[in-house]
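In: Give me the fold of what follows.
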Amino acid sequence: MDILSLIGALIAIIALFLGQTLDGGSFSSLINAPALLIVVGGSLGAIMVQVPVELFVRATVMFRWVFFPPTIDLNKSINRIVTWSEIARREGILGLDKATQNETDIFSRKAVQLLVDGRDPSIIRSTLEVEIETEEEFDFAAAKIYESMGGYTPTLGILGAVMGLIHVMENLSDPGNLGAGIATAFVATIYGVGLANLFLIPVSKKLKRIVMNKSREKEMIMEGLICIAQGENPRNIFVRLQAYNRRS
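Out: Prediction:
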């Protein structure tokens, strides 16, 4: 679990409500179901209109990465590639077929299979680059959904404020109903700006960073296997791949 993301989310929420109470306001005054429905429901509906269903589903699946990011261990991957290079020098390229039968990473297994099949290094590179770029582009688009929602929520907050004021105007003759309309008006604006800047935009940036890290790991695996195909020394491969660690 990403503890820093959890702590950051808690700090943002606590700071918002603590600031409200320290200024003499009440905690309950920030709880307004109609305002929340306008902002969240409206932005969610707008996103559903904007993106195709497969992208929306992917964004939903990726959300868990904010608190439970995929494991990206470059040192472990480097050591695995160096082990493969030692097997290839000792047993030949075909020896990798047996050595990687239990490999759980789909990308690594596909890359090794291209190597075992005797493909030219240039073909291996072009094939894997297409896969890396395609997946990265799709995941980036999914991550940007949260950024787009962060652009919609402040506007919908203003829309909720206007709707609340309309409710106030309709009940000017009944002072008892004015409070609910005014509360919806101002709280909707808080929800819109708060969700965008404290939640949606940070989530988008976090997911984009994870996508970049995943792509870098795959690029490193690709480079390592091309080095093996070219018959490079395991020690040289290790030194070369260490550069990816310095880019983290």
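In: who touches the spatially most central residue of the chain in this structure?
Out: Residue closest to the average C-alpha location in the chain (C-alpha atoms, centre = their mean): residue 207, at 1.9 Å. By C-beta atoms under 8 Å, 6 or more residues apart in numbering, the residues touching residue 207 are 62, 63, 65, 66, 139, 142, 143, 146. Every residue, glycine included, has its C-beta placed from N, CA and C.
In: Need those residues in a markdown table (columns: secondary structure).
Out: A markdown table is the format used below for those (DSSP: H, G, I helix; E, B strand; the rest coil):
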| residue | secondary structure |
| --- | --- |
| 62 | helix |
| 63 | helix |
| 65 | helix |
| 66 | helix |
| 139 | helix |
| 142 | helix |
| 143 | helix |
| 146 | helix |
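In: Check residue 114 and give its pLDDT.
Out: With respect to pLDDT, residue 114 has a value of 89.
In: Just give the nearest non-adjacent residue to it, would you?
Out: In this structure, residue 114 finds its nearest non-sequential neighbour in residue 124, 4.9 Å apart by C-beta to C-beta, 6 or more residues apart in numbering.
In: Can you classify residue 93 by secondary structure?
Out: coil.
In: surely it meets residue 117?
Out: No: look at residue 93 against residue 117 with C-beta atoms under 8 Å: they stay out of range, at 9.3 Å.
In: more crowded one of those two?
Out: Neighbours per residue, other C-beta atoms under 10 Å: of residue 93 and residue 117, the larger number sits with residue 93, 18 against 12.
In: Quick check: that one vs residue 241, distance?
Out: For residue 93, the distance to residue 241 equals 19 Å [C-beta to C-beta, to the nearest Å].
In: Find the nearest non-adjacent residue to the residue nearest to the centre of the chain, please.
Out: If the residues on either side of it in the chain are set aside, residue 207 comes closest to residue 143, at 3.7 Å by C-beta to C-beta, 6+ apart.
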